[in-house]
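Kindly return the folded structure for what I paste below:
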Amino acid sequence: MTLLLSTLSTPIGSLNLIADEHVLLAANLSSLKALKESLSQEDSERDIKSVSRIPIISDLINDYFDGDIAALNAINVRQPGASFSQAAWKAMKKVKAGKVISYGELAERAGSPAAVRAAGSACAKNAIVLIVPCHRIVKTGGALGNYAYGLDKKEWLLRHEGAL
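Residues are numbered from 1 along each chain as shown. Reported below is the predicted structural model:
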């Protein structure tokens, strides 16, 4: 089946999306080139069709920006990565909107308490921004830490969710 590509206008910029029916494979705030490069080898060989919206997924993301901060929980995701990254992304998905955890706590929830740097690396490699909520991971002590798309966007998202 053909993958669907769409770009949504959001308060934090253009959000690019690629989905396989109702499973989101990639989401970023940068370029379509980077979005396509984040796909698995198998998915990158599939045809991609540009559409104005991706059924269900686009609506849920719009609901999130309209104030239903739990709407993203209903979006299924799939991305390639090593086993620790997979565990970290799964743990990130469980951090509820309006909450934050530290990189150390993420490492612990992913099964390797000593792997704090790897937890940060999993955040940096996350190819499904917003829906796999790496923006909810902060430094011990509460400092925001890093965010690939700029700390202003991370701060906006956390304020939108009521975490700041």
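
show me what contacts the residue nearest in space to the middle of the chain?
Here the mean C-alpha position of the chain is nearest to the C-alpha of V129 (CA atoms, centre = their mean), at a distance of 2.4 Å. Neighbouring residues of V129 by CB atoms under 8 Å, 6 or more residues apart in numbering: L15, A27, N28, L29, H135, A148, Y149. Glycine gets a C-beta too; all of them are placed from N, C-alpha and C.

Let me have the residues you listed in a markdown table, extended by pLDDT, secondary structure and neighbour count.
Listed next are the contacts of V129 as a markdown table, based on pLDDT from 0 to 100; DSSP: H, G, I helix; E, B strand; the rest coil; neighbours: other CB atoms under 10 Å:
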| residue | pLDDT | secondary structure | neighbour count |
| --- | --- | --- | --- |
| L15 | 98 | strand | 19 |
| A27 | 98 | strand | 25 |
| N28 | 98 | strand | 23 |
| L29 | 97 | coil | 19 |
| H135 | 97 | helix | 29 |
| A148 | 92 | coil | 17 |
| Y149 | 95 | coil | 16 |
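
and S9, what are its bridge partners?
Note on S9: beta-bridge partners by DSSP bridges are S14.

any idea how far it lies from A97?
To A97, S9 is 21 Å away according to CB to CB, to the nearest Å.

Neighbour count: the two, which is higher?
Remark: of S9 and A97, A97 carries more neighbours, 19 against 9, as counted by other CB atoms under 10 Å.

Shouldn't L60 be within a helix?
Yes. According to DSSP: H, G, I helix; E, B strand; the rest coil, L60 belongs to a helix.

Report the residue ranges of every domain in the protein.
Residue ranges for the domains of the chain, per automatic domain parsing: 3-76, 82-160.

Pick the most buried one from those.
Among the domains of the chain, domain 82-160 has the highest mean neighbour count (mean count of other CB atoms under 10 Å), at a mean of 18.
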